[in-house]
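In: Following is a predicted model, sequence given first.
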Amino acid sequence: MLIAMEAETSSDQRPVIQAREILDKIERGEDVYYDGVIIEGDLDISELELPAEHLHRKGLQKVIGLSDERKVVDSQITITNSKIQGNINFSNTYFKEDITFTGSEFVEKAEFWDVEFGSIANFDETKFSGDYATFWLSDFNAYGDFSGANFVKKTDFSGADFAEKADFIGTNFGGDAEFYRCKFYQYVSFKDATFGRPASQEIACRIAKRNMEDLGNKAEADYYFYKEMEAIRKQNGIKGTDTLPWPWKMQLFDWLRSTRSKIWRLGRYDIFEYIFIQGIFGYGVRPLRLFGFWILMALAFALIYWYYDAVDGASAWFDYVWFSIATSATPGYALYNPVGHYKIVTGIQAIIGTFMWAAFIATFARKWQR
């Protein structure tokens, strides 16, 4: 492991900077600017001689015993397109100026718990490769940008407050992502974000959905409702359960019961709900998708009727299309009659088509009346 890391470092031609150099600048109150470097050593602010502010702790902060003293950093910190190979500990600190790590990588753990970002916090396109990254109980007083960031393992935003816009567009949460009691007071976006755990996706999208509803953005609220329901489906499905043990590691009755449960989950959530409820009906928030599937269904049945010459009186291709559309939308055969056992086929089409058409009208009306 160590040899592989050394080989990787030696192949990287970026200049190497010692963490102590950066910490000394912060301690002197100087601005920090590095681009395209490798930083060796731990960036640990806790040991620096810095001004401090006295806080009146209350609520959860007081219960868990956080210090009443918080370090104050006057420096503007900009470290972009760089690799930080040691641990980073910026916890229990107030950053007055912008802090930027755009395009950088934290190889080890990154601790930003109980931090107050007085200005803009830029972590866009940043990769967190360590065991965990935490922004627990941190306050973002200005724009918090995590767009395109990659949290490879666990991350924790529990108790964090975002006073202004919070951007998680295209962010990847590879492991557990905690948002317990996380508050967003203005616009928050998890658009196109990916989640390794459906439970994390559910919580994040529910928070964003409520945020969009409060702002009156119904289209975005529908998007997050869809993603929230998708996450719930995944948790209920076969991949959302524990791995099935082999029969010899459990009692036979328990194994049979577990297997039956797995089969039910697979059929109910991974097949039926995925195809019909999510894929076709779009959880009731995507009427145009539902209408498109209705058209495709009508054309597919028309092709069957044309291929088997199953409609009495139809002569041209548009006769079959008209017959199929009329069967899907209304009770009746549009002046034509199906032949023989194809009456059963048209009956099935009428049931499915009428149900989809009614669902489309209801979904369309709901969406545009909002």
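Out: Yep, that arrived. Keep in mind that what you see is a predicted model, and the values were worked out from it rather than measured.

In: Pull the distance from the lengthiest helix in the chain to the chain's centre.
Out: For the chain, the longest helix by residue count, based on DSSP state H, is helix 342-369. Its chain's C-alpha centre lies 32 Å from the corresponding centre of helix 342-369 when counted by CA atoms, centre = their mean, to the nearest Å.

In: buried sites along that helix?
Out: Using 16 or more other CB atoms under 10 Å as the test for burial, helix 342-369 gives 342, 345-346, 349-350, 353, 356-357, 359-360, 363, 367. Where you see a C-beta, it was placed from the backbone N, CA and C, and this is true even at glycine.

In: Stretch 289-298 too?
Out: In stretch 289-298, counting by 16+ other CB under 10 Å, buried: 290-291, 293-294, 297-298.

In: cool, stretch 117-130 as well?
Out: For stretch 117-130, by 16+ other CB under 10 Å, it's 117-118, 120-130.

In: Please save the CA atoms from stretch 155-167 in CSV.
Out: Extracted C-alpha coordinates of stretch 155-167, given in CSV (Å, rounded to 0.1, in the frame of the first residue of the first chain):
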residue,chain,number,x,y,z
THR,A,155,-20.0,12.4,5.0
ASP,A,156,-22.0,14.2,7.7
PHE,A,157,-23.9,17.4,7.4
SER,A,158,-26.0,16.8,10.4
GLY,A,159,-27.0,20.0,12.2
ALA,A,160,-25.4,22.2,9.5
ASP,A,161,-27.2,25.5,8.6
PHE,A,162,-27.1,27.1,5.2
ALA,A,163,-28.2,30.7,5.4
GLU,A,164,-27.9,31.3,1.6
LYS,A,165,-27.8,29.1,-1.5
ALA,A,166,-26.5,25.6,-1.1
ASP,A,167,-25.4,23.9,-4.3
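
In: tell me the domain ranges of this protein?
Out: Domain assignment for the chain by automatic domain parsing gives 2-196, 286-369.

In: Can you pick out the most distant pair from the buried residues of stretch 117-130?
Out: Distance extremes for the buried residues of stretch 117-130: the farthest pair is G118 and S129 at 27.5 Å, using CB to CB.

In: what ranges do the helices span in this structure?
Out: Along the chain, the segments classed as helices by DSSP H run 2-11, 19-28, 60-63, 198-215, 218-236, 252-265, 287-307, 317-329, 342-369.

In: tell me the mean pLDDT over the first one?
Out: Mean pLDDT, computed over helix 2-11, is 53.

In: Please apply the same query to the last one.
Out: Averaging the model's pLDDT scores along helix 342-369 yields 82.

In: so what does it touch, helix or strand wise?
Out: helix 287-307, helix 317-329 (3 or more CB pairs under 8 Å, 6 or more residues apart in numbering; DSSP states H and E).

In: quick one: contacts for V32?
Out: 22, 25-26, 75-79 (CB atoms under 8 Å, 6 or more residues apart in numbering).

In: Can you tell me how far Y274 is from A365?
Out: 26 Å (CB to CB, to the nearest Å).

In: just F276 next, same as before
Out: 21 Å.

In: Next: E40.
Out: Separation of E40 from A365 (CB to CB) stands at 62 Å.

In: ditto for G313
Out: Taking CB to CB, one finds G313 at 36 Å from A365.

In: now do A302
Out: According to CB to CB, A302 stands 27 Å off from A365.

In: Also A142?
Out: In terms of CB to CB, A142 sits 41 Å off from A365.

In: What are the contacting residues of stretch 200-214?
Out: 168, 173, 176-180, 182, 184, 187-190, 193, 195, 218, 220-221, 224-225, 227-228, 230-232, 234-235.

In: Buried residues, that stretch. List them.
Out: Those would be 200-209, 211-213, for stretch 200-214 by 16+ other CB under 10 Å.

In: Which member of those residues is positioned nearest R70?
Out: Using CB to CB, I207 comes nearest to R70 of the buried residues of stretch 200-214, at 26.7 Å.

In: returning to that earlier point: out of the helices of the chain, which is closest to L48?
Out: Closest to L48 of the helices of the chain is helix 19-28 (CB to CB; 4.7 Å).

In: which parts of the closest one are buried?
Out: 19, 22-23, 25-26.
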